[in-house]
Each structure stands twice: as C-alpha cells, then as structure tokens.
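The sequence and its predicted three-dimensional model are supplied below.
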Amino acid sequence: MVRIGGLASGMDIDMMVSELMKAERMPLNKLHQKKQLVEWQRDDYRAMNKLLADLDKFVFDGIFRQSTFSKKTVTSSNESAVSVRNINATSNLTSSIQVKGLAEAAYMTSDGSIVKAGETFDPSLTLDSQRNFLAQGFTGTEINIQSIGKSGALGAEVAISFDPAKDSLNDVVNKINSSEAGVVAFFDSATGKFSISAKNTGDIAGGAEIRLQGDLLTSALKMDADNQLAADATVPQGEQPRGKAGVNASFIINGLQTERPTNTFVINGFEYTLKQTTGTAAVTVNSATDEEAIFKSVKDFVDKYNETIAGINSKITEERYRKYQPLSDEEREAMTDKQAEMWDEKAKSGMLRNDSILAGSLNKMRMDLYSRVGNGSDEINDSYDQLAEVGITTSKNYRDGGKLIIDEKKLREAIKNDPNAIYKLFTHESTVKEEQGLARKLRASIKDTITTIEGRAGSALRTNAQFTLGRDLTSIDKQINRFEDRMIKVEDRYWRQFTAMEKAIQRANSQSAYLMQQFSY
C-alpha cells in the first residue's frame with residue numbers, strides 16, 4: 001500500500017510512523033531472538049548426537065568385532081602355490097600342505113556346427129529369422145539348466161523363457177549368463193559351435209555337473225543332455241572331447257589326504273587358496289597374532305572416546321554471554337561481516353552450558369568404563385576384567401574431564417598374553433547388565449542418551465511436533481504470527497490517526513486562507 005503523508009502539516013509522517021513502529025515491534029524482536037536461541041540450542045544438541053553416534057559406530061566397527069582381536073599375519077613358504085588369510089580364527093596356525101591337483105570346472109560343447117553347410121547364421125538376428133540356417137530345428141520356447149553349486153552339490157534347476165520372434169541367439173546367451181543357472185554360455189561364429197561351462201568348479205561323484213533340457217539346446221544347438229554324456233561321446237581322432245567332468249581340488253594337509261570342490265576353502269577359520277600343484281613338495285603355512293594391529297584398534301578407540309568427551313565437555317562448560325543476543329536484520333546491516341561473525345560467535349556460545357542430559361551421559365559413560373566385567377564368570381580372565389588391568393586408566397588431571405590414558409607397555413603385554421580376553425573385556429554378553437562387557441555397556445548408554453536428546457531436540461527425520469524444542473518453536477512461530485497481525489493493525493491505526501490530523505490541518509488551512517481573503521477586502 002502506498003501512503004503519502006505530511007502534505008498539509010509538512011511533517012515526515014512516514015518516518016514518524018516508522019519510529020513509532022520500532023517501539024511497538026520491540027516485543028516481536030524479542031520473540032525472533034528467542035526463536036533463534038531455541039534453534040541454536042536444537043542444532044547444538046543434534047551436533048552432540050552426531051558425535052555420540054559416530055563414537056557408537058566406531059566402537060561397533062572396531063573393538064566390538066572379534067575380527068579386530070583375531071587379526072593375524074599369515075605367511076606361506078610358496079605364495080605362488082598356496083596363499084592363506086585369516087577369516088575368523090582365534091588360534092594360530094602351523095600347517096604343511098601338498099597340492100596334488102587343482103579344482104576345475106565342467107564344460108560341454110555342441111556336436112559339430114549348428115549351421116547348415118553353405119549357410120551363414122547371424123546370432124544377432126531373431127531366432128525365427130534364422131531358423132532356415134540352422135542344421136536342426138526347435139519348437140520349444142523354454143530351456144532348463146542345472147549346474148553344480150558353490151557347495152559342490154547340484155544346484156536348483158533354472159527355467160529360462162525366450163520368444164523366437166523377438167529374441168536372438170545372443171539374447172538367449174545373455175539370459176543364460178545373467179540367470180542363477182550358474183553357467184557361462186557363448187556361441188563361436190568361426191566354428192559354428194555353442195559352449196556351456198560351469199561357473200563353479202568341482203566334481204559330483206557319480207553324476208553330471210551340468211544338465212540341460214529344451215530342444216533349443218539339445219536339438220538346434222546340438223548339446224548333450226549333460227556334460228557326462230558329452231565327455232563320454234566318441235569324437236574323431238585328434239579332436240577335443242565335447243565335454244569334461246568337473247574336478248575337485250586334491251591336497252594333503254598335515255598328512256591328511258582330502259578334497260574340496262573349489263580351490264578356495266576355509267579350514268579352522270583360515271581361508272586357503274590353491275594356485276598350482278606342488279607335487280611331492282610341501283608348502284609351509286604359519287600365522288602369528290598381529291599384536292600391532294590389535295594395539296592400534298584399542299588405541300584408536302581410546303582416541304575416539306577422548307575426542308567425543310572433549311567435544312561434549314567443551315559444550316557443557318562453554319561460557320554464556322547473555323549480553324550478546326541474536327542480531328536483528330537492521331543490527332546486522334549496521335555491522336561489518338567480521339563484526340557480525342564475532343557477535344554471532346558470542347551469542348551462540350553456551351547454549352548447552354551445564355546441560356543435565358549431557359553431563360549425566362558423561363558420568364554414565366565413565367562409570368561404564370570403570371566397572372568390572374563378568375563378576376567371576378568363567379568366560380572372563382580375572383587378570384583382565386577391568387580396563388585398568390590392560391593399561392587404560394583415567395587422567396589424574398580433573399580438567400581433562402575423564403580422558404583415558406594408555407600405558408602402552410602394559411597394553412601390549414596384555415595383547416601378547418591373551419588378546420581374546422581383551423575382546424571379552426569389551427564385548428562379554430550377559431543377561432545382567434552390570435556384568436556385560438565395557439563396549440556393550442558404553443553403546444547402551446550412548447543409545448539412551450541419543451534417544452533422550454532426540455526427545456528434546458529431534459532429528460532430521462522428525463517433525464516439530466515430535467520433540468520438545470520443536471513444539472517450543474511452533475509455539476513461538478504462532479506468537480510471532482499473531483504479533484505481526486497485530487502490528488499491521490497498529491500501523492494502520494497510526495496512519496488513520498495521522499491522516500485524520502492531516503485532514504484537520506487541511507481544513508484549518510482552508511478556513512485560514514478564506515478568512516485572510518475576506519479581511520483583504
């Protein structure tokens with residue numbers, strides 16, 4: 001709305017109304033400041049939750065996993081023949097292995113070219129368009145394939161449908177290769193032959209490793225019903241057999257002759273990979289606990305914990321500068337960017353000073369880490385049932401806020417003596433909470449704190465109605481809206497009043513001019 005005032009009075013009505021509204025808006029500015037403070041507090045709470053969630057994830061991915069404490073260095077006397085890595089072994093390994101034979105996959109090929117003599121077959125065109133060029137015909141629109149699985153047993157039969165009017169041989173090959181049939185198929189245009197091989201190695205004793213059904217395969221593509229039939233078929237002298245049975249890996253380990261369907265297998269938590277035969281020569285494999293890697297994992301946890309509690313402590317002890325309130329738009333415009341930045345830094349400070357939720361969480365986490373684990377349980381090594389017994393204690397400087405200190409020599413000794421005991425110290429399971437492992441207690445406390453903070457400050461996935469500060473913000477927004485509606489009415493009233501004054505002055509001026517005109521005669 002365009003308003004023009006002061007024509008009769010000569011006064012700057014617009015400025016006067018503006019100044020009056022500044023006074024009227026002071027309570028509204030207070031509401032905006034209050035809203036900003038609540039938003040800053042909400043954001044600080046969420047930052048603390050992220051800090052705690054990061055610690056929880058770090059614990060879960062580190063000291064909470066048994067693999068962290070079962071890390072081992074594994075050596076092989078002949079890596080080119082046998083390589084070994086630790087999967088989940090808790091004890092160390094010393095073994096001798098002779099590789100007698102490697103596992104091989106079964107395969108089968110078509111009985112001669114699938115193409116008529118003198119003709120050319122295009123595998124990229126539809127099967128219907130290429131029927132006349134095939135040496136043998138087909139009528140079906142489905143094929144079934146069954147092959148050896150990773151376990152060495154025959155897998156489930158897989159049905160594959162196709163439409164001869166739409167699909168080419170290449171399309172059928174793609175369907176086979178992308179299916180769960182466990183085989184790889186291809187067509188060789190140079191020889192006109194089709195081939196299927198098993199993805200998994202190994203021999204099924206007394207049975208075939210690949211089984212086929214459907215006349216597209218067994219007629220048009222000239223494939224046998226299984227790889228055993230293909231392998232047993234008579235071929236012209238000098239030609240490659242049409243099929244081959246799968247072969248198991250054969251080896252002698254610590255004097256025991258045995259077989260596996262694959263060249264990669266697990267024994268006692270160690271994964272062996274056979275790469276080449278060794279004849280009568282033996283490959284020696286040894287493992288040792290990777291003490292340095294375990295030490296680093298524990299140290300990294302301590303560092304992450306210290307970083308987290310330092311971040312929380314800095315917030316609950318942060319100074320609150322009450323004289324520095326959030327800036328209004330007018331106040332911010334009157335400052336330089338640097339001045340506004342420094343002001344904001346002071347205004348945001350201390351939003352969580354002496355916060356009871358965070359202070360209580362710190363106390364609970366300290367208690368979790370100082371407590372004893374197991375309460376005499378046979379699963380726990382009595383020599384390592386407290387954090388201090390593995391060389392991790394609390395700083396004697398109270399200003400450190402419960403920071404953990406590592407006695408490296410003592411921790412390394414504990415790792416060398418019994419790494420699994422340290423794993424139990426952190427992760428021991430028990431129905432009695434007080435007897436649980438330190439990391440288990442710590443994660444439970446972190447989860448409780450995160451839930452409590454989310455109840456107060458919410459998260460990115462919650463609406464304002466679902467947490468306390470969000471409801472406060474909604475209430476303030478309603479107050480602001482009501483106040484702004486009131487300000488519109490107040491401003492209108494001022495303008496009506498000044499307009500009435502202008503009209504009165506205008507009438508007075510008119511009357512005065514009229515009288516002056518009469519006196520002039």
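Structure received. Remember, predicted model here, so these are calculated numbers, not experimental data.

what distance separates stretch 329-337 from the centre of its chain?
If you compare the mean C-alpha spot of stretch 329-337 with that of the full chain, they lie 42 Å apart, counting by CA atoms, centre = their mean, to the nearest Å.

How about residues contacting that stretch?
327, 340, 343 (CB atoms under 8 Å, 6 or more residues apart in numbering). For glycine as for every other residue, the C-beta is placed from the backbone atoms N, C-alpha and C.

sec struct for the residue nearest to residue 278 when sequence neighbours are not counted, please.
Once its chain neighbours are removed from consideration, residue 278 has its nearest residue in residue 99; the separation is 4.6 Å (CB to CB, 6 or more residues apart in numbering). Reducing the assignment to helix, strand or coil with DSSP: H, G, I helix; E, B strand; the rest coil, the entry for residue 99 is strand.

how near is residue 99 to residue 154?
Distance, residue 99 to residue 154, using CB to CB, to the nearest Å: 26 Å.

and what of residue 222?
In this structure, residue 222 and residue 154 are 23 Å apart, going by CB to CB.

just checking, residue 35 is part of a helix?
Yes: membership of residue 35 in a helix is supported by three-state DSSP.

looking at it, it is touching residue 478, isn't it?
No: Residue 35 lies out of contact with residue 478 (CB atoms under 8 Å); the separation is 11.1 Å.

Which one's more surrounded, the two?
Of the pair residue 35 and residue 478, residue 35 is the one with more neighbours under other CB atoms under 10 Å, namely 18 against 10.

Tell me what residue 258 is bridged to.
Under DSSP bridges, the beta-bridge partners of residue 258 are residue 251.

give the contact list for it.
When the contact criterion is CB under 8 Å, 6+ apart, the partners of residue 258 are 250, 251, 252.

so the second one touches residue 96, yeah?
It refers to residue 251. No: shown here, residue 251 and residue 96 do not form a contact pair, counting by CB under 8 Å, at 10.5 Å.

re the thing from before, let me see the contact set for the residue nearest to residue 278.
The contact partners of residue 99, taken as CB under 8 Å, 6+ apart, are 81, 82, 249, 250, 251, 274, 276, 277, 278, 283.

before we move on, what about residue 145?
So, once contact is read as CB under 8 Å, 6+ apart, residue 145 ends up touching 157-158, 160, 176, 179, 181-183, 196, 210-213.

Repeat that for residue 33.
The neighbours of residue 33, taking CB under 8 Å, 6+ apart as the test, are 325, 326, 328.

and with 6 Å instead?
Listed by CB atoms under 6 Å, 6 or more residues apart in numbering, the contact set of residue 33 reads 325, 326.

For the helix or strand where residue 44 lies, buried residues please.
Secondary structure from DSSP states H and E places residue 44 in helix 26-61. Applying a neighbour-count criterion of 16 or more other CB atoms under 10 Å, one finds 28-29, 31-32, 34-42, 44-46, 48-49, 51-52, 55-56, 58-59 buried in helix 26-61.

where in this protein is pLDDT low?
Counting by pLDDT under 70, the chain has low-confidence residues at 1-13, 17, 19-21, 23, 376-378, 514, 518, 520-521.

if we can go back for a sec, so which of the contacts of residue 145 is the most crowded?
Ranked by neighbour count (other CB under 10 Å), the contacts of residue 145 have residue 210 at the top, with 30 neighbours.

do you know how far the nearest residue to it once chain neighbours are set aside is from residue 98?
For residue 210, ignoring the flanking residues on the chain, the nearest one in space by CB to CB, 6+ apart is residue 227 at 4.4 Å. Separation of residue 227 from residue 98 (CB to CB): 29 Å.

Who has more neighbours out of the two?
Taking other CB under 10 Å, residue 227 and residue 98 do not tie; residue 227 has more neighbours (30 against 19).

ok now do that one, which residues does it touch?
If you count contacts by CB under 6 Å, 6+ apart, residue 227 has them with 106, 108, 208, 209, 210, 243.

go with 8 Å
Remark: with contacts taken as CB under 8 Å, 6+ apart, residue 227 is in contact with 106, 107, 108, 198, 208, 209, 210, 243, 244, 245, 246.

now do residue 463
With contacts defined as CB under 8 Å, 6+ apart, the neighbours of residue 463 are residue 470.

cool, residue 452 as well?
With contact set as CB under 8 Å, 6+ apart, residue 452 has these partners: residue 357.

Check residue 208 too.
Residue 208 makes contacts with 106, 226, 227, 228, 229, 245, as judged by CB under 8 Å, 6+ apart.

Need phi/psi at it.
With angles defined as degrees, to the nearest 10, residue 208 sits at phi -80, psi 150.

Which residue, other than its chain neighbours, is closest to it?
The shortest distance from residue 208 to any non-neighbouring residue, by CB to CB, 6+ apart, is to residue 226 (3.5 Å).

Please name the bridge partners of the one you found.
Legend: beta-bridge partners of residue 226 under DSSP bridges are residue 211.

Out of the contacts of residue 227, the closest to residue 311 would be?
Residue 311 has its nearest neighbour among the contacts of residue 227 in residue 198, at 55.5 Å by CB to CB.

part of a strand, is that closest one?
Yes: when three-state DSSP is applied, residue 198 is found to be in a strand.

Just give me the neighbour total for it.
As a measure of burial, residue 198 has 24 neighbours, counting by other CB under 10 Å.

try the one 3 residues further on
For residue 201, the neighbour count with other CB under 10 Å is 23.

next one: residue 113
For residue 113, the tally of surrounding residues (other CB under 10 Å) stands at 16.

Quick check: chain neighbours aside, which residue is closest to it?
What sits nearest to residue 113 in space, not counting adjacent residues and going by CB to CB, 6+ apart, is residue 192, at 3.2 Å.

and that neighbour, what is it in contact with?
112, 113, 114, 115, 121.

Next: residue 328.
Residue 328 neighbours (CB under 8 Å, 6+ apart): 29, 32, 33.

please redo it, this time with the cut-off set to 6 Å
If you count contacts by CB under 6 Å, 6+ apart, residue 328 has them with residue 29.

Run through who's touching the host helix or strand of residue 425.
Residue 425 belongs to helix 419-427 when assigned by DSSP H and E. Counting contacts by CB under 6 Å, 6+ apart, the residues outside helix 419-427 that touch it are 63-64, 66, 69, 90, 289, 294, 373, 380-381, 384, 390, 437-440.

Helices - which of those land there?
When helices are assigned by DSSP state H, the members of the contacts of helix 419-427 inside them are 66, 69, 294, 438, 439, 440.

what's the most distant pair in the residues you listed?
Using CB to CB, the ones in helices among the contacts of helix 419-427 span at most 18.7 Å, a distance reached by 294 and 440.

Please identify which of those two sits among more neighbours.
Neighbour tally, residue 294 and residue 440, criterion other CB under 10 Å: the higher count belongs to residue 294, 24 against 20.

nearest spatial neighbour of that one, skipping sequence neighbours?
Nearest residue to residue 294, sequence neighbours excluded (CB to CB, 6+ apart): residue 415, at 5.0 Å.

any idea how far residue 74 is from that neighbour?
18 Å.

Which one's more surrounded, the two?
Higher neighbour count among residue 415 and residue 74: residue 415, with 23 against 18, using other CB under 10 Å.

so that one makes contact with residue 296?
No: with contact defined as CB atoms under 6 Å, residue 415 does not reach residue 296; the gap is 10.4 Å.

Distance from the chain centre to stretch 394-411, please.
Here the centre of mass of C-alpha atoms in stretch 394-411, compared against the chain's by CA atoms, centre = their mean, lies 32 Å away.

Mind listing what's buried along that stretch?
Neighbour counts over stretch 394-411 (16+ other CB under 10 Å) mark 394, 401, 402, 403, 404, 406, 411 as buried.

Now for the fourth one: which residues touch it?
It refers to residue 403. Residue 403 sits next to 306, 395 when contact means CB under 6 Å, 6+ apart.

just to revisit the earlier point, could I get the contacts of residue 99 in JSON lines, plus columns for distance to residue 333, secondary structure and neighbour count?
Formatted as JSON lines, those follow (distance: CB to CB, whole Å; DSSP: H, G, I helix; E, B strand; the rest coil; neighbours: other CB atoms under 10 Å):
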{"residue": "81", "distance to residue 333": "77", "secondary structure": "coil", "neighbour count": "20"}
{"residue": "82", "distance to residue 333": "75", "secondary structure": "strand", "neighbour count": "25"}
{"residue": "249", "distance to residue 333": "78", "secondary structure": "strand", "neighbour count": "24"}
{"residue": "250", "distance to residue 333": "84", "secondary structure": "strand", "neighbour count": "17"}
{"residue": "251", "distance to residue 333": "81", "secondary structure": "strand", "neighbour count": "24"}
{"residue": "274", "distance to residue 333": "75", "secondary structure": "strand", "neighbour count": "24"}
{"residue": "276", "distance to residue 333": "77", "secondary structure": "coil", "neighbour count": "12"}
{"residue": "277", "distance to residue 333": "82", "secondary structure": "coil", "neighbour count": "15"}
{"residue": "278", "distance to residue 333": "82", "secondary structure": "coil", "neighbour count": "19"}
{"residue": "283", "distance to residue 333": "78", "secondary structure": "strand", "neighbour count": "23"}
